[in-house]
Every structure is written in C-alpha cells, then in structure tokens.
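Novice: Prediction below, plus the sequence it came from.
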Amino acid sequence: MKSLKSIAFLVLFSTLTFFCRADEGMWLPQLLQQLNEKQMKALGMKISASDIYSINKSSLKDAIVSFGGFCTAEVISDKGLLLTNHHCGFDAIQNHSTLDHNYIRDGFWAKNNAEEMPNPGLFATFIVRIDEVTKEAMAGVTADMDDRARQSQIDKNIAALRSSVKKETYQDVLVRPFFDGNKYYAFVTETYKDVRLVGAPPSSIGNFGKDTDNWSWPRHTGDFSMFRIYAGPDGKPAEFSPNNVPYKPKRSLSISLDGTAKNDFTMVFGFPGRTMEYLPSVAVEQIVTMNDPAKIAIRDKALVIMDDAMRKDEGIKIQYASKYAGVQNAYKKWQGEVLGINRTKAIDKKKAYEAEFQKRVDAAPKWKTQYGNLLNEINTAYAQYVYDEYNADVDKRLFASLMEMYYTSGTNMLQSEELKKLVEKGDNNYSKIADKLYGNTDLDDAKKTMEALEKDPKSLLQKYKEDDVNKLLASINTSYNQQTGSAIGAVQARINTLQRQYMQAQMEVFAEKKFYPDANSTLRVAYGKVAGYQPRDGVEYDYYTYLDGVMEKYKPGDYEFDVPQKLRDLYKAKDYGQYGSGGRLPVCFIATNHTTGGNSGSPVLDAYGNLVGLNFDRVWEGTMSDLNYDPSICRNIMVDIRYVLFIIDKFAGATNLIKEM
C-alpha cells in the first residue's frame with residue numbers, strides 16, 4: 001500500500017509541475033503587472049512592470065524591434081544603432097560580400113554613416129501598443145459554425161478592426177490569434193524600411209564553432225552584428241533615400257559591464273517565432289517518432305553534398321553559406337528535440353496531465369458534456385493523420401541524392417507517372433537522371449535567365465512551362481494532391497478545431513494555472529536565472545565560458561575553429577581592458593529563460609533592465625522546449641555584452657561605435 005501511495009504521489013507531482021515552473025513562459029508584456037510582476041521581483045527583478053511596458057511613458061519595449069520579421073534586435077544608442085546576432089544579419093553580410101570584399105571571412109566595420117550599407121527588404125518594426133480585441137474579433141461567431149464559416153467571420157471582423165483602431169497614418173495594425181484562436185490581440189506598429197549594415201565580426205568570431213558547436217554548450221561564439229535604422233528627415237518611417245537621417249529612438253538600452261553571477265535574475269525581450277506547448281501527448285509522440293526522424297534523414301543527405309562542395313571552393317562557400325546554415329540549424333535542432341523529449345519523459349508527463357484533465361472533466365457534469373470525449377477525438381484524428389544562392393553543380397547533386405532517397409523509401413505518395421518514367425529511362429541511376437535534367441535547362445543560369453526576363457518575358461514563361469524540371473515538379477505536386485493532399489487537409493482542419501477546443505478546455509479546467517500563449521512572432525518577455533545544468537549522468541556544466549576556451553578549441557586554418565591572429569595576440573597579451581573580469585575575458589553564459597527561434601538577437605537584461613548579453617541559441621538537450629519546457633535541462637545561450645564590446649573596441653578598433661553607445 002505504501003508503494004502505491006508513493007507512485008500516486010509521483011504521478012501527481014509530475015502533473016503539478018505544469019503549474020509551478022518559475023522559469024517557464026513567453027509572456028505578453030502588457031500583462032506582466034497582472035500575471036508576473038510579483039514572481040519576477042521574487043526572483044530578483046528591481047524594476048517595475050511599467051518600466052518594461054507602458055503606453056504612457058517610454059519603456060524598455062520602445063528599444064526592441066522585430067528585425068526583418070525573423071529575429072529580434074535592440075536599439076543601443078540615441079542615433080538608432082541596432083544590435084542583433086551575426087546569424088540574423090548574415091544574409092545582409094553575405095549579399096554585400098564578394099571574393100574581393102569577403103565580409104563573411106574578414107568582417108566589416110563602417111567608420112562613419114557614409115560607409116554604412118543599405119539592405120533592400122530589411123526592416124525594423126517597433127510595437128507602439130497592444131490591445132485585447134477578442135470580443136470584437138469574435139463578434140457574430142456562433143458555436144454551430146463550421147471552421148470555414150467561423151474563420152470567414154473572424155477575418156471580416158479583423159478587417160474592420162484594422163481600419164477602426166486609432167493610429168497615426170505611418171503606423172500599421174496587426175491582429176493576431178492567441179491560445180489557438182481563443183483570444184485576439186491588436187498590435188499597433190511602426191516599421192522602418194531603411195536599415196543599414198554598420199558592423200560585423202569575421203565569421204571566425206561571429207560563427208566560431210559553426211556546425212559542431214551549434215545548439216551546444218559550452219559555447220564560445222561572438223554571435224553579433226550591428227545595423228542602423230534610418231528615418232525620413234521628419235523622423236518618420238521612410239523608404240531608402242540618401243536624404244534619410246539616423247533614427248532618434250524613444251528609448252535605447254543602457255549597457256552594464258558588471259556581468260552576471262549564478263542565480264542572478266535575467267530577462268529576455270523579443271519576438272519568439274513558434275512553440276506548441278499545449279499539444280496533446282499523441283501529437284508530441286508523432287513528432288518525435290515520425291516527423292522529426294524523417295526530416296533529419298532528408299537533411300543529412302543534403303548537408304553532406306553542400307559541405308563537400310563548400311570546403312573545396314570559396315565561391316561556392318559564399319553562395320551556399322546561408323542556405324547550408326539554415327538546413328544544418330534545423331537538422332541539429334530536431335535531433336536535440338527528440339533527445340530532450342525522451343530524456344525528460346515529456347510524453348509520460350503529458351499523459352499524466354491528460355489523466356488529471358479527464359478526471360476533473362468527468363467530475364463536473366457541464367465539463368463532461370462539453371469535453372468528456374475530447375481527448376478520444378483528438379487521438380482518433382491523429383491516428384487518421386498518420387495515414388541567387390545557387391550553384392548548378394551542387395544543386396544537381398542535391399537533386400540526385402534526395403530523389404534517390406525518396407524514390408527508394410517505400411512510399412508512393414510523390415511517385416507520379418512522370419517520375420517513374422524518368423527513373424526507368426535513367427536505369428535507376430540518379431546522377432545520370434540529374435545530368436539529363438540539368439543539362440537540358442538554362443534556368444539554372446541566373447545571368448541568362450535575367451537577360452531573357454528583360455528581353456522577352458513571354459518566351460521565358462513558355463520555356464519555364466516546357467522545362468523538364470518544372471514538369472517533374474508539377475507532376476509530383478499533382479500526384480500528391482490527388483492521392484493524399486485533400487485527405488490530409490481535411491484531417492488537419494479537424495485537428496485544428498480540436499486543438500482550439502482543447503486549449504479552451506485546459507484554461508477552464510485548470511483555472512489555477514497561469515497560461516502563457518504559444519509563441520507566434522509577437523513581442524514577449526521570458527525571465528529566469530543564470531544557472532548551469534547536468535545534461536547527463538556524471539556531467540555538470542558551469543554557466544560561463546571564457547576566451548581561454550576559444551583558444552583551447554583553436555585549430556589553425558580550420559573551417560570551424562580558426563581564430564584571427566589579432567584575437568590570439570590580444571589573448572596572449574591579456575589585453576582585455578575594462579571588459580575583463582578577474583584576469584579573464586567572459587564570452588558566453590546560460591540561463592533558464594524560455595526562448596525559441598525569433599528570440600535570436602534578443603537583449604538579455606539584468607534585474608535593473610540593463611543590457612548584459614545577447615541571446616543567440618539554446619543547449620542541444622533543451623531544444624524540446626518548443627514542445628515541453630523542463631527547467632532541469634532547458635537553457636538559453638547568450639554572448640556576454642563585454643565580449644561584444646571587446647571585439648568592437650579592442651579587436652576591430654571601431655571606437656566610433658563604442659563612443660556612440
């Protein structure tokens with residue numbers, strides 16, 4: 001009997017952990033005073049919630065921008081200077097790089113405004129205010145509506161909302177769903193479209209460790225780059241113009257050189273992209289046993305081919321650097337996600353949570369009527385569901401390898417008649433098939449294609465329609481849509497409906513829990529404490545790394561671990577200036593802040609709201625925090641602001657930027 005009581009206690013405890021994680025969450029800043037301020041102060045925060053978000057005075061939110069819609073950046077001077085990650089600015093750095101001016105390899109530092117380089121398409125968006133508009137968005141929505149009618153009504157309401165919200169003519173309004181469509185918020189925004197490259201360290205600093213160290217700790221990467229926002233002469237958003245002037249912000253972040261210590265409060269402010277924290281156990285199980293392994297296998301093939309070509313040719317390295325980084329980033333992340341879910345027994349914990357959910361539902365007649373069969377329906381739905389940066393030679397090899405992998409995988413979902421004929425004619429030799437396809441096209445030549453587009457676009461369009469590669473793609477898409485596309489779409493629509501109902505049910509049934517909405521690229525605050533962790537038995541990681549570790553990893557001439565001569569000289573002389581601590585130079589640190597993609601470039605703030613670091617990654621074992629946050633192994637990785645300033649000042653000699661901050 002005692003043993004059974006112990007087991008019951010453990011199950012209950014694992015369920016209750018869903019309500020007690022002090023470090024978990026990506027919180028809406030306008031709700032911090034209501035939901036989080038007390039807990040944040042208990043963890044050590046010294047400022048108020050209104051210092052973080054306010055519409056009546058300048059606040060920290062006025063220094064935070066969505067950088068290009070894919071990262072976060074922060075204003076660090078009164079002249080619109082932005083700080084973000086090196087990997088966030090990488091496309092801009094790559095686009096300005098040539099073999100003669102290789103800014104990826106050598107870095108770039110503008111000595112004055114005239115040398116700062118424009119980046120068409122890059123923008124910085126500020127949040128002016130956030131308002132709940134659930135009532136307005138849901139007006140006219142009834143319980144008997146199907147999903148299509150429901151969404152149509154909501155879309156009409158949102159269109160009306162966007163035109164009625166009070167704003168300036170140069171501002172915009174975005175309305176976003178939260179909690180799977182159970183709540184809606186409107187964001188009044190200001191977007192600046194003239195954002196210029198100011199500075200970036202060489203990749204041997206900004207991307208030190210590359211693929212080997214990605215998603216890993218200990219880390220020694222100076223992952224930062226600098227840009228500047230430009231505005232029209234009136235200070236308002238404007239398209240690029242030589243007449244534009246540096247933006248004068250409402251707020252810029254103060255920088256602290258004090259560093260952080262174990263258990264210090266930290267806060268990450270940014271635009272996290274996507275999480276799925278409230279999925280049922282059946283969905284998470286499908287992700288880690290089916291979806292992730294399939295995606296990992298496909299990318300493994302692609303990475304081998306790109307890596308081989310990039311190591312042999314500097315030109316291809318420039319062409320494929322960004323593409324390779326994106327593929328590799330996801331590849332390694334999914335591996336860590338599977339590892340973390342299994343190691344923390346996340347699926348078992350979700351099942352315990354669902355058992356408690358069902359128990360509470362069954363005990364309340366109203367809930368039993370409304371939600372009694374919800375989990376069974378979800379399980380049934382998922383069971384049905386189961387059923388210019390271009391080089392022609394590299395791309396051809398990718399095609400051959402991936403097509404062979406798919407065609408021989410045993411599934412016929414994409415095996416159109418066109419593909420089967422192609423394979424038969426090629427005698428199952430996929431390199432030969434690729435040679436034939438790529439040998440009969442001019443569309444892999446950017447120069448010829450652009451010339452044809454300018455000269456005779458109609459002829460180019462006809463050539464595109466008749467191109468063998470395009471015909472193959474069209475046949476595969478048609479085959480997919482005919483065989484499985486519509487069926488999968490119908491099941492996915494059903495899953496979306498059930499997930500919305502499940503989210504609503506969780507908030508009702510677990511009324512004592514503080515729910516934060518899943519990330520959706522809107523402004524959020526995450527908070528936690530500086531802490532090391534134990535990734536596995538017998539291993540314990542500290543929370544800080546130093547320049548000593550960079551030198552320990554140094555491999556002369558290596559693709560991933562080379563170190564610039566000047567940085568080695570500074571290390572040898574211990575010439576750290578005001579940025580050192582105890583005779584050493586801090587490089588990176590970790591904490592328990594809950595982050596995800598989109599948080600790259602987010603400022604890391606101390607208890608007083610000062611900038612102490614720059615978020616850029618998560619530890620490999622904790623990448624599963626998109627599905628299930630666990631404080632035992634989930635850590636975000638940050639570059640120490642002292643290392644950033646040291647590189648700008650001592651390494652690059654960009655004293656103009658140091659003086660500006």
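Specialist: Good, I have the coordinates.
Novice: doesn't residue 186 fall inside a strand?
Specialist: Yes: using DSSP: H, G, I helix; E, B strand; the rest coil, the assignment for residue 186 is a strand.
Novice: so what's residue 545 up against?
Specialist: Neighbour list for residue 545: 218, 219, 220, 586, 587, 588, 589 [criterion: Cβ atoms under 8 Å, 6 or more residues apart in numbering]. C-betas here are computed from N, CA, C, even on glycine.
Novice: And for residue 300?
Specialist: Counting by Cβ under 8 Å, 6+ apart, residue 300 touches residue 331.
Novice: Roughly how far does it sit from residue 331?
Specialist: Distance of residue 300 to residue 331, computed by Cβ to Cβ, to the nearest Å: 7 Å.
Novice: picking that back up, can you check the contacts of residue 545 and name whichever has the most neighbours?
Specialist: residue 589 (30 neighbours; other Cβ atoms under 10 Å).
Novice: Tell me the secondary structure of that one, please.
Specialist: Under three-state DSSP, residue 589 falls in the strand class.
Novice: Look up how far residue 583 lies from the nearest residue to it once chain neighbours are set aside.
Specialist: Nearest residue to residue 589 in three dimensions, chain neighbours excluded: residue 544, at 4.9 Å (Cβ to Cβ, 6 or more residues apart in numbering). According to Cβ to Cβ, residue 544 stands 14 Å off from residue 583.
Novice: Next: residue 512.
Specialist: Computed as Cβ to Cβ, the residue 512 to residue 583 distance reads 50 Å.
Novice: same question, residue 271
Specialist: Distance from residue 271 to residue 583, by Cβ to Cβ: 38 Å.
Novice: how far out from the middle of the chain is the lengthiest helix in the chain?
Specialist: If you go by DSSP state H, the chain has its longest helix at helix 314-343. Relative to its chain's centre, helix 314-343 lies at 13 Å (Cα atoms, centre = their mean, to the nearest Å).
Novice: what does stretch 532-540 give?
Specialist: How far stretch 532-540 lies from its chain's middle: 26 Å, per Cα atoms, centre = their mean.
Novice: From start to finish, how long is it in a straight line?
Specialist: Stretch 532-540 has its terminal residues 7 Å apart, counting by Cα to Cα, to the nearest Å.
Novice: Surely residue 302 touches residue 327?
Specialist: Yes: between residue 302 and residue 327 there is a contact under Cβ atoms under 8 Å: 5.8 Å.
Novice: Pick out whichever of residue 544 and residue 583 has more residues nearby.
Specialist: Applying other Cβ under 10 Å to residue 544 and residue 583 shows that residue 544 carries more neighbours, namely 21 against 8.
Novice: list the contacts for the residue lying closest to residue 505 once chain neighbours are set aside?
Specialist: Once flanking residues are discounted, residue 505 sits nearest to residue 371: 4.5 Å by Cβ to Cβ, 6+ apart. Residues near residue 371 by Cβ under 8 Å, 6+ apart: 361, 501, 505, 509.
Novice: Helix or strand for the third one, just tell me which one.
Specialist: So the one you mean is residue 505. For residue 505, the element it lies in under DSSP states H and E is helix 486-509.
Novice: and that helix, C-alpha only, in CSV?
Specialist: C-alpha atoms of helix 486-509 as CSV (Å, rounded to 0.1, in the frame of the first residue of the first chain):
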residue,chain,number,x,y,z
SER,A,486,-7.1,16.7,-49.8
ALA,A,487,-7.4,13.9,-47.2
ILE,A,488,-4.6,15.3,-45.1
GLY,A,489,-6.0,18.8,-45.4
ALA,A,490,-9.4,17.6,-44.0
VAL,A,491,-7.8,15.8,-41.1
GLN,A,492,-5.5,18.8,-40.3
ALA,A,493,-8.6,21.1,-40.3
ARG,A,494,-10.2,18.7,-37.8
ILE,A,495,-7.1,18.6,-35.6
ASN,A,496,-7.0,22.5,-35.6
THR,A,497,-10.6,22.6,-34.4
LEU,A,498,-10.0,20.0,-31.7
GLN,A,499,-6.8,21.8,-30.6
ARG,A,500,-8.7,25.1,-30.2
GLN,A,501,-11.3,23.3,-28.1
TYR,A,502,-8.6,21.5,-26.0
MET,A,503,-6.9,24.8,-25.4
GLN,A,504,-10.2,26.4,-24.2
ALA,A,505,-10.9,23.4,-22.0
GLN,A,506,-7.5,23.5,-20.4
MET,A,507,-7.9,27.1,-19.4
GLU,A,508,-11.3,26.3,-17.9
VAL,A,509,-10.4,23.0,-16.2
